[in-house]
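> No letters, just coordinates:
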């Protein structure tokens, strides 16, 4: 679920802002944060190993057991609900742009979740193509394949 992705990123960021982690720990922190987000947002939580359970507990303690946060996804859903009439292409485009923004750490930490959702800026040239493929599919309106709104040819 998209909520899980956004909460995972938020947990990783908040945890790393409280503790210096070694490079070896980053993957463990990421998977533990994802499992916490799954348990919080999803109906069926994945099974975990002992190391992951330990890291989950450590993350929860650093977060003071507070997993309820307003991520950009929460604001996007609210903004989309406020649009009348509903426009699926606009909705897909907003999620596409917001998901692209997640890959730019400086953007994520520099702006509030509501500002990220409102702006939903995308970087045109990126090596990270997963989001582009996701939103190139017909079931998501193929919004990633639409031409840019502004062309800077100078």
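Yep, that arrived. Everything numeric here is computed off the predicted structure, so don't read it as measured data. Numbers count the residues shown, from 1 in each chain.

> I'd like the next helix or strand past the one helix or strand residue 81 maps to.
Per DSSP states H and E, residue 81 falls inside helix 72-82. Where DSSP H and E defines the elements, the next helix or strand beyond helix 72-82 is helix 88-102.

> Would you mark the buried spots in that next one?
By 16 or more other C-beta atoms under 10 Å, the buried positions in helix 88-102 come out as 91-102. From N, CA and C alone the C-beta is placed, and that goes for glycine too.

> Compile these into TSV and extend it with columns for distance to residue 132 and pLDDT.
Shown next, in TSV, are these (distance: C-beta to C-beta, whole Å; pLDDT from 0 to 100):
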residue	distance to residue 132	pLDDT
91	17	84
92	13	86
93	13	83
94	15	83
95	13	88
96	8	84
97	11	82
98	14	85
99	9	86
100	8	82
101	13	81
102	13	82
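
> Quick one: neighbours of residue 108, just the number.
Around residue 108 there are 16 other residues, counting by other C-beta atoms under 10 Å.

> tell me the pLDDT at it?
Residue 108 carries a pLDDT value of 78.

> Sticking with the nearest residue to residue 45 once chain neighbours are set aside, tell me its helix or strand.
Of all residues not flanking residue 45 in the chain, residue 39 sits nearest, at 4.2 Å (C-beta to C-beta, 6 or more residues apart in numbering). Using DSSP H and E, residue 39 falls within helix 23-41.

> And residue 8, by the same measure?
Element membership for residue 8, per DSSP H and E: helix 2-16.

> Please name every helix or strand in contact with that helix.
Helices and strands touching helix 2-16, by 3 or more C-beta pairs under 8 Å, 6 or more residues apart in numbering; DSSP states H and E, are helix 23-41, helix 50-62, helix 72-82, helix 88-102, helix 105-110.
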